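Colleague: 3D, please:
(one chain, ligands or ions: 1)
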Amino acid sequence: MPEPRADQSIQELESRCLERIAAARNAAELETARVEALGRKGGIAQFSKEMGKLAPEERARIGKLLNGARERLETAIEAGLKRFAEETLRARLESEWVDVTLPAPGPRRGHLHPITRIQRELEELFRSLGFAVLDGPEVETEYHNFDALNIPADHPARDMQDTFWLEGGNLLRTHTSPVQVRGMERLGPPLRMIAPGRAFRNESVDASHEHTFYQLEGMMVDREVSVAHLLYFMKTLLAAIFGREVTVRLRPGYFPFVEPGFELDVQCLICGGAGCPVCKQSGWVELLPCGLVNPKVLRMSGIDPEEWNGFAFGLGLTRLAMMRYGIDDIRHLQGGDLRFLEQF
Ligand code: DAH
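Modeller: Residues are numbered from 1 along each chain as shown. Take a look at the predicted model:
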C-alpha cells in the first residue's frame, strides 16, 4: 500500500464518519454511525487488519494516524451522545414541570350510599314524630331473634328465615325485629322506636333477594293504639320517601309477633304495575309488613297487654331504595361497584 494513498484513505474515512456523526438526528442514528466507524467490522477496524502487511516503521506511523482518527471519532460520538441526553432532558423538563406553588387538589369527595340516604331521611322523619332511633346487635341470641317474637323452636316460621348459625347457639339476625324486644326490655312502655340495620338470610341471590339486606323496624307501644294509627304512620312514611302519594294495598299477612298482621304492598314503581322481575310480574311489591303487636310478645318482654298495646312494622330498606331510584336488580346496590353508586 503506497503511503500517500493510505494516509488519504484514513483521512477520507475520518471525515466521512464525522459527517455521519454530525448528521445523526437521534441516539439510534448516532449508534449506527458509531458502529460504522468504530465497530468490530467498522472502517477503523478494516484498516487495522491491513496493518500486518506493512513494514515496521510504516506500521508505527499508520498506527499513529489511525489512533488519532479513532480518538477524534470517539470524541465526536461522545459529544453527540451528550447533546442528545441534554435534548431529552430539556424536553422532559418542559413537559413534566410542576407548579409547586399551586394549591393542592384536596381529597376526593365521596357521597352517601342510596340506602344510607334513605335511612337517614327516615331517622329524621321518625325523630320528628317522637320515635327513638335504636341500634341492636347483628349477632343475636336465638331468644331475641325468634322465641321472644313468638317463634318457638318448632314453629314453621323459622323455616322461612333460614340463617347463618354461629357457635354457641347465636345467629346472624334474620330481621331487625329483635330490636323491638330489646327496646321493650330496656325502655318499657310507652315506647316509640325505630331500628334501622342489616339483616341476613341464607337465600339464593337473585334480582330481588340478597343474603345481606337492610330493614327498618318500627314499634309503638301505648294505650289504645289501633290500626288507624298504624296506617297513619305508614302513609306518612311512604309519602315522605317518594315525595308523592303512592298506591298501596293492605292484605292479611301472617307473622307470629303481630295479631292481626298485614302486608302493605306498594304498586311497583319500576314497571308501574305492569309486571317486571322486581315485582315478580305481579305489579305489587311487598314493602311494609306490619300489624298490631301480639299480646304474647308484650307479655314476654314484661309489658302488661291489659294496659298496653301497639303496632309494629318491618320496612325493607333495600327494596325501598330500589323502588325510589328505579333500580331493577338488588345486586347493583350491594355490589359496591362505584361506577353504579356514583350515579346517585
Ligand atoms: N321481621 C319481619 C321479616 O323480616 C317483618 C315484619 C313483619 C316486621 C311484621 C314487623 C312486623 O315488625 O310487624 O320478615
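Colleague: Tell me how many other residues surround Asn26.
Modeller: 11 (other CB atoms under 10 Å). Every residue, glycine included, has its C-beta placed from N, CA and C.
Colleague: Val297 against Phe257, yeah?
Modeller: Yes: in terms of CB atoms under 8 Å, Val297 counts as a neighbour of Phe257; the distance is 4.9 Å.
Colleague: Can you name the residue of the stretch 1-150 of the chain nearest to the ligand?
Modeller: Leu149 (7.7 Å; CB to the nearest ligand atom).
Colleague: about what we covered before: look up the residues that both of Val297 and Phe257 are in contact with.
Modeller: When contacts are counted by CB atoms under 8 Å, 6 or more residues apart in numbering, Val297 and Phe257 are jointly contacted by Leu149, Asn150, Gln180.
Colleague: and those as TSV, adding secondary structure?
Modeller: Formatted as TSV, the shared contacts of Val297 and Phe257 follow (DSSP: H, G, I helix; E, B strand; the rest coil):
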residue	secondary structure
Leu149	helix
Asn150	coil
Gln180	helix
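Colleague: where exactly do the helices run in this protein?
Modeller: 3-23, 27-38, 43-50, 56-95, 114-128, 142-145, 157-160, 178-187, 227-242, 295-300, 317-325, 330-334, 338-341 (DSSP state H).
Colleague: and those, which one is worst for confidence?
Modeller: Lowest mean pLDDT within the helices of the chain: helix 157-160, a mean of 79.
Colleague: and whatever residue of the chain ends up closest to the ligand, what does it touch?
Modeller: Here the chain gets closest to the ligand at one residue, Gly314, 2.4 Å apart by CB to the nearest ligand atom. With contact set as CB under 8 Å, 6+ apart, Gly314 has these partners: His175, Thr176, Ser177, Gln215, Leu216, Glu217, Gly218, Leu288, Pro289, Cys290.
Colleague: If you rank these by neighbours, which is first?
Modeller: Neighbour-wise, the contacts of Gly314 (other CB under 10 Å) top out at Ser177, 30 neighbours.
Colleague: wait, what's in contact with that residue?
Modeller: For Ser177, the contact set (CB under 8 Å, 6+ apart) comprises Asn145, Leu149, Glu217, Phe257, Ala312, Gly314.
Colleague: The spatially closest residue to the fifth one that is not a sequence neighbour: neighbour count?
Modeller: The reference is to Ala312. Spatial nearest neighbour of Ala312, excluding adjacent residues (CB to CB, 6 or more residues apart in numbering): Met219 at 4.6 Å. Neighbourhood size, Met219 [other CB under 10 Å]: 24.
Colleague: my guess is Met219 meets Phe311, correct?
Modeller: Yes: using CB under 8 Å, Met219 makes contact with Phe311 at a distance of 7.3 Å.
Colleague: hang on, the earlier thing: so what pairs up with the residue of the chain closest to the ligand in the strands?
Modeller: Glu217 (DSSP bridges).
Colleague: What of Val139?
Modeller: Going by DSSP bridges, Val139 forms beta bridges with Leu172.
Colleague: Next up, the contacts around it.
Modeller: Counting by CB under 8 Å, 6+ apart, Val139 makes contact with Leu166, Asn170, Leu171, Leu172, Arg173.
Colleague: for those, which one is nearest Pro137?
Modeller: Distances from Pro137 to the contacts of Val139, taken as CB to CB, are shortest for Arg173 (7.4 Å).
Colleague: Give me the neighbour count for the closest residue in space to the closest one that isn't next to it in sequence.
Modeller: In this structure, Arg173 finds its nearest non-sequential neighbour in Glu140, 4.1 Å apart by CB to CB, 6+ apart. Residues near Glu140, counting by other CB under 10 Å, number 26.
Colleague: Quick check: the gap between Glu140 and Gly42.
Modeller: 85 Å (CB to CB, to the nearest Å).
Colleague: what does the stretch 101-250 of the chain have sitting close to the ligand?
Modeller: His175, Ser177, Glu217 (CB under 6 Å from any ligand atom).
Colleague: Arg158 reaches Phe146, doesn't it?
Modeller: Yes: in this structure, Arg158 is within contact of Phe146 by CB under 8 Å, at 6.2 Å.
Colleague: ok, the two, which is more surrounded?
Modeller: Phe146 (26 against 17).
Colleague: Next one: the more buried one relative to Ala91, how far apart?
Modeller: In terms of CB to CB, Phe146 sits 73 Å off from Ala91.
Colleague: what's the answer for Cys276, then?
Modeller: 58 Å.
Colleague: Looking at those two, which is more packed in?
Modeller: Cys276 (17 against 10).
Colleague: what's the closest non-adjacent residue to the more buried one?
Modeller: Using CB to CB, 6+ apart, the nearest residue to Cys276 is Ile270, at 5.3 Å.
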